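Engineer: Take this sequence and fold it.
(one chain, ligands or ions: 2)
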Amino acid sequence: MAGGELDALEARARERLPRSVYDYYAGGADDEVTVAANRDAWGEITFRPRVLVDVSAADPSVELLGTRLPSPVIVAPTAFHKLAHPDGEAATARGAAGRLMVSSSLSTVAIDQVVAAASGPVWLQLYVFRDRGISEALVRRAEAAGCTGLVLTVDVPVAGNRRRDDHNGFALPDSIEMANFTGLLQSGMPDGGGSGLVRYVGAQFDASLDWSAVSWLKSVTRLPVIVKGIQHPDDGRRAVDAGADAVVVSNHGGRQLDGAEPTAWLLPDVVGAVEGRMPVLVDGGLRSGGDVARALALGARAILVGRPVLWGLAAGGEDGVRGVLDDLDAEFVRTMSLLGCRTAVELGPDVLTP
Ligand SMILES: Cc1cc2nc3c(=O)[nH]c(=O)nc-3n(C[C@H](O)[C@H](O)[C@H](O)COP(=O)(O)O)c2cc1C
Ligand SMILES: CCCCC(=O)C(=O)O
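Structural biologist: Ligands and ions are numbered 1, 2, ... in the order given. As a prediction, this is how the structure comes out:
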């Protein structure tokens with residue numbers, strides 16, 4: 001579903017969604033330069049295919065932290081799916097159809113119900129709250145639910161400046177709650193002007209978080225810890241030293257620091273820095289199976305997609321999500337085949353223009 005088709009899906013989602021929800025999903029920080037740059041940067045990477053390779057059984061599966069995934073395409077954690085569809089994250093989990101889904105801390109369906117709806121593995125994404133007890137309770141809920149990984153998002157010490165949300169006074173309606181926090185924390189957003197999400201983040205998230213958070217998380221769980229939001233090769237190295245099991249190179253889809261480097265440029269440097277000591281994942285602006293192949297060729301083990309899943313969910317519920325992901329996979333297999341690669345691990349820098 002590259003290019004035009006995905007744009008058409010986004011247009012359908014946009015028609016169905018209230019303006020403030022569409023803007024929350026689509027938008028980014030400040031001038032949204034990084035939102036656009038993420039996407040454009042993948043498109044600038046060109047291929048050098050090899051020919052006369054038997055690709056009759058091209059296999060897109062990848063191994064990640066001891067699990068074989070049917071595809072390198074992972075559902076990125078995004079907040080508030082009930083704003084897109086009444087079944088929320090349960091519909092997304094069904095639509096993921098066996099692929100790995102990362103469920104947001106800020107989901108509108110509780111993590112145990114997300115896992116129950118999923119046919120593939122589920123990781124819980126964690127924000128660290130001022131009250132560590134809340135984060136630890138979330139870890140326990142994830143473990144009890146059967147999650148197989150914890151994704152620590154590290155690029156939100158404070159909320160990015162989302163102008164659209166400010167303008168729209170974005171907030172969750174009273175009918176929708178942050179379902180992971182019942183009994184732990186108020187499950188809505190504080191009142192006031194501007195973005196309710198920014199007020200919520202300011203009140204609840206721990207801006208004092210530092211590298212000790214990774215060892216803290218490792219000390220309270222036996223689940224693998226994946227650090228999401230790495231934007232510097234030295235931080236990739238530090239993540240290895242801190243005991244992370246994997247990292248996600250991400251600028252949060254351009255929603256945090258505007259002007260941040262597109263992840264396609266940054267990825268090879270982080271891959272180089274970690275020297276194979278752990279898998280490196282990437283997200284931000286990947287919109288086609290060709291982009292997936294580009295990321296793997298640059299050294300990513302797997303990739304995450306954010307907004308396209310939300311467009312699928314808003315436009316077509318569970319089937320819409322499945323459609324987006326199936327199309328990405330089909331394009332990826334076609335691209336692999338045309339590059340002369342039989343397995344996802346065969347994708348390397350040699351299939352790209354140096
Ligand atoms: C609407 C929306 C909500 C998001 N919520 C979260 C979140 O709760 N936790 C998180 O770690 N990342 C969150 N992200 C960032 C995504 O996980 C991911 O990094 C980004 O969307 C990838 O870029 P893409 O949308 O261009 O594919 C969110 C992104 C969007 C678009
Ligand atoms: C401000 C961060 C909270 C939710 C989120 O991750 C997003 O909207 O991108």
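
Engineer: burial measure for Pro190, as a count.
Structural biologist: For Pro190, the neighbour count with other CB atoms under 10 Å is 12. Using the backbone N, CA and C atoms, a C-beta is placed for each residue, glycine as well.

Engineer: Nearest spatial neighbour of it, chain-adjacent residues omitted?
Structural biologist: Nearest non-adjacent residue to Pro190, counting by CB to CB, 6 or more residues apart in numbering: Arg199, 5.0 Å away.

Engineer: Can you verify the one you found is assigned to a helix?
Structural biologist: Yes: secondary structure of Arg199 (DSSP: H, G, I helix; E, B strand; the rest coil): part of a helix.

Engineer: tell me the pLDDT at the closest residue to ligand 1 within the stretch 151-300 of the chain?
Structural biologist: Going by CB to the nearest ligand atom, ligand 1 is nearest to Gly253 of the stretch 151-300 of the chain, at 3.0 Å. Looking at Gly253, its pLDDT reads 98.

Engineer: In terms of helices and strands, where is the nearest residue to His252 once chain neighbours are set aside?
Structural biologist: Of all residues not flanking His252 in the chain, Asp155 sits nearest, at 5.0 Å (CB to CB, 6+ apart). Assigned by DSSP states H and E, Asp155 falls within no helix or strand.

Engineer: one step back: how about the contacts made by the closest residue to the residue of the stretch 151-300 of the chain closest to ligand 1 other than its chain neighbours?
Structural biologist: Using CB to CB, 6+ apart and skipping residues adjacent in sequence, the residue nearest Gly253 is Gly306, 5.1 Å away. The contact partners of Gly306, by CB atoms under 8 Å, 6 or more residues apart in numbering, come to 76, 78, 253, 283.

Engineer: okay, the residue nearest to His252: pLDDT?
Structural biologist: For Asp155, the model assigns a pLDDT of 97.

Engineer: Distance of it relative to Ser215?
Structural biologist: 19 Å (CB to CB, to the nearest Å).

Engineer: on that earlier part again, give me the local confidence score for the residue nearest to Pro190.
Structural biologist: Looking at Arg199, its pLDDT is 92.

Engineer: any weak-confidence spans in this protein?
Structural biologist: For the chain, residues meeting the criterion pLDDT under 70 lie at 1-2, 187.

Engineer: tell me the strands in it, going along the chain?
Structural biologist: Secondary structure of the chain (DSSP state E): strands at 62-64, 67-69, 73-75, 101-103, 122-126, 149-153, 225-230, 246-249, 280-283, 302-305.

Engineer: so can I have CSV of the ones you listed showing mean neighbour count?
Structural biologist: Shown next, in CSV, are these (neighbours: other CB atoms under 10 Å):
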stretch, mean neighbour count
strand 62-64, 19
strand 67-69, 14
strand 73-75, 27
strand 101-103, 29
strand 122-126, 25
strand 149-153, 24
strand 225-230, 26
strand 246-249, 28
strand 280-283, 27
strand 302-305, 26
